[in-house]
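Novice: no FASTA, just this:
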């Protein structure tokens, strides 16, 4: 999804927004997308490399790209605040519509027995949602200020940081998060992070 979204954003913004990028920008976007693709290669008991589930990820990337490009159009036409309300209001509307489902409403009253419930669970969930909302707002504001293609290409940096944080937690705080890596996976993730770092350097020059 992280690799497909900036690719489709670049194509759509070129057609509908007439967005012009420099040669260095194009090189940076290409490297960032390639780095994201390397991270997406999966090796597990069920999958090795590309598999059918990734087709759904590509479709999701296309839909996300349409959303980002239309949001950029709205920001250019109506300003950030009005554009943000009109483009994101419907997320809340469709979310509220789920409450009409009896099975969804039942979840609010269902008490689950969890003897191993970790302490501070509410704080962790609240912090997670707060950071998620803050991230969405900042990304949309960046799209409103600059190039929608470049902002979405920077998603590769998000996945590089995710790999680094997961590795650090597994190494120093395995009780919080424990992931095992083979030598091949370590090389793959390191190569992806290095490529994304190169893309960021090209983007900032």
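Specialist: That came through fine. Remember, it's a predicted structure, so these values are computed and weren't measured experimentally.
Novice: quick one: the strands in the protein?
Specialist: 42-43, 48-49 (DSSP state E).
Novice: average model confidence for the first one?
Specialist: Read that as strand 42-43. In this model, strand 42-43 has an average pLDDT of 60.
Novice: can you check the last one too?
Specialist: In this model, strand 48-49 has an average pLDDT of 60.
Novice: quick one, helices of the chain?
Specialist: Secondary structure of the chain (DSSP state H): helices at 4-16, 23-40, 53-78, 80-97, 102-107, 121-145, 148-153, 155-172, 183-204.
Novice: winner for burial among these?
Specialist: Most buried of the helices of the chain by mean neighbour count (mean count of other C-beta atoms under 10 Å) is helix 148-153; its value is a mean of 26. Using the backbone N, CA and C atoms, a C-beta is placed for each residue, glycine as well.
Novice: chain center to that one: distance?
Specialist: Here helix 148-153 shows a centroid-to-chain-centroid distance of 12 Å under the convention C-alpha atoms, centre = their mean, to the nearest Å.
Novice: state the pLDDT value of residue 121.
Specialist: So, for residue 121, pLDDT stands at 70.
Novice: with residue 183 instead?
Specialist: 78.
Novice: cool, the one 4 residues further on as well?
Specialist: According to the per-residue confidence, residue 187 scores 82 in pLDDT.
Novice: in the protein, what spans have low per-residue confidence?
Specialist: For the chain, the stretches with pLDDT under 70 are 41-51, 110-120, 205.
Novice: cutoff 80 now
Specialist: For the chain, residues meeting the criterion pLDDT under 80 lie at 2-3, 36-53, 107-122, 124, 155-156, 159, 175-186, 200, 203-205.
Novice: for residue 25, which non-adjacent residue is spatially closest?
Specialist: residue 150 (6.3 Å; C-beta to C-beta, 6 or more residues apart in numbering).
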